[in-house]
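S.K.: attaching a predicted model along with its sequence, questions to come.
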Amino acid sequence: MHVSHLTLHDFRSYATADVELGPGVTAFIGRNGQGKTNLVEAVDYLSRLSSHRVASDAPLVRAGADQAVVRAAVVRDGRTAVLEVEINPGRSNRARINRSPLPRARELVGLVRTVVFSPEDLTLVKGDPSDRRRFLDDLLVLRAPRLAGVRSDYDRVLKQRNSLLKTAGAARRGSSSQDAALATLAVWDEHLARTGAELLAGRLDLVERLAPYVGKAYETVARGAGRDDAEIEYRPSFDLGDATDPAGLAERLLAEVERRRSDELDRGLSLVGPHRDDLLLTLAHGGGVQKLPVKGYASHGESWSVALALRLASYDLLRSDGDDPILVLDDVFAELDTDRRAQLAELVAGAEQVLVTAAVGADVPEALAGARFTVAGGEVRRDA
């Protein structure tokens, strides 16, 4: 899979941009603020309908414009399809395939698969649990696009349920308004358990499949490391017992919600569910005898190696599904020492398509020699 042509209208800093691409390595070179990352961000947005840089769509639309359009010709198994998304902040986005509108924009998710390496990857290790949950869910949806709807439904249920908890908690105990809120809350408990269990089952399966790839990737990028040195483990917000299927997980989740009812009413928040879970990352210390959390114990170099291992593992897992994802290396080489640059370049050089951004051409390792574009003053020019 690769993108053969990228067109932007009012996306980020570009009024318009047209870039011919091809398989292999393409590097975009330019000083910070010139728009090189905007190009690869657009490709990644088509993959997930979200950005690896910002949480909302509004910053993606050029100042003064009402909407942005990202269009790409995507080649897969020798056939080309034109994917397009119209970004409308505050309104529903619209998507098309070969100019035919899709009923919902999220049906575009997963048709292009990307794996992005960026300086922000350290948040996977050092950041909040929400960063790791987003990592899991983004990968989950790429592998099973139908779960984009489940993820959206869960967020909607959670918002509605939190509103009811605040209403019920604020009402005088035993009042008619609280009784009405509690009666309605029971319905949303069922919705939370059903959608939460489906999302949770997907995450549990994903972590089980991803774990071997993480160990292998860490062994590759960390000097002297063994395959068992890095481990990942899903940490739910409640005891799952022996449940692994959606039905069993829904039952456990509903029971825990009922048990925590008083706490939730006091705080006006949903305290149980996949929105409270975490991904535990551990590394072997003391000759492999002891496993300690990466967050709080690992050195800066070890943290970078774990972050790279998570991205490489994602790439390998997606490849095992049968498609070569598009690799995006967004200004990542400036953050790595010479050895890690060379290791990463060697590992990804064989991908069907690799898109690289760098402030200085010399930052791109020789192993990733290929087409080069200079990005400056709002223009993207292919080097001779």
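M.R.: Sure thing, it's come through.
S.K.: all contacts plus neighbour counts: C-alpha atoms, from now on.
M.R.: Noted.
S.K.: where in the stretch 251-384 of the chain is pLDDT low?
M.R.: Within the stretch 251-384 of the chain, the ranges that satisfy pLDDT under 70 run 286-289.
S.K.: helices of that one, start to end?
M.R.: 261-267, 300-320, 338-348 (DSSP state H, counting those that start in this stretch).
S.K.: for those, which one sits closest to L124?
M.R.: helix 300-320 (6.4 Å; Cα to Cα).
S.K.: kindly export the closest one (C-alpha atoms) in PDB.
M.R.: Provided in PDB are the C-alpha atoms of helix 300-320 (Å, rounded to 0.1, in the frame of the first residue of the first chain):
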ATOM      1  CA  HIS A 300      15.800   8.700  28.800                       C
ATOM      2  CA  GLY A 301      17.500   6.300  26.400                       C
ATOM      3  CA  GLU A 302      15.500   3.400  27.700                       C
ATOM      4  CA  SER A 303      12.300   5.400  27.400                       C
ATOM      5  CA  TRP A 304      13.000   6.200  23.800                       C
ATOM      6  CA  SER A 305      13.800   2.600  23.000                       C
ATOM      7  CA  VAL A 306      10.400   1.500  24.500                       C
ATOM      8  CA  ALA A 307       8.600   4.200  22.600                       C
ATOM      9  CA  LEU A 308      10.200   3.100  19.300                       C
ATOM     10  CA  ALA A 309       9.500  -0.600  20.200                       C
ATOM     11  CA  LEU A 310       5.800   0.200  20.600                       C
ATOM     12  CA  ARG A 311       5.700   1.800  17.100                       C
ATOM     13  CA  LEU A 312       7.700  -0.900  15.500                       C
ATOM     14  CA  ALA A 313       5.600  -3.600  17.100                       C
ATOM     15  CA  SER A 314       2.500  -1.800  15.800                       C
ATOM     16  CA  TYR A 315       4.000  -1.900  12.300                       C
ATOM     17  CA  ASP A 316       4.900  -5.600  12.500                       C
ATOM     18  CA  LEU A 317       1.400  -6.500  13.800                       C
ATOM     19  CA  LEU A 318      -0.300  -4.600  11.000                       C
ATOM     20  CA  ARG A 319       2.000  -6.300   8.500                       C
ATOM     21  CA  SER A 320       1.000  -9.600   9.900                       C
END
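S.K.: what angle separates that helix from helix 338-348?
M.R.: 0 degrees (axes from the mean of the first three to the mean of the last three Cα atoms, to 10 degrees).
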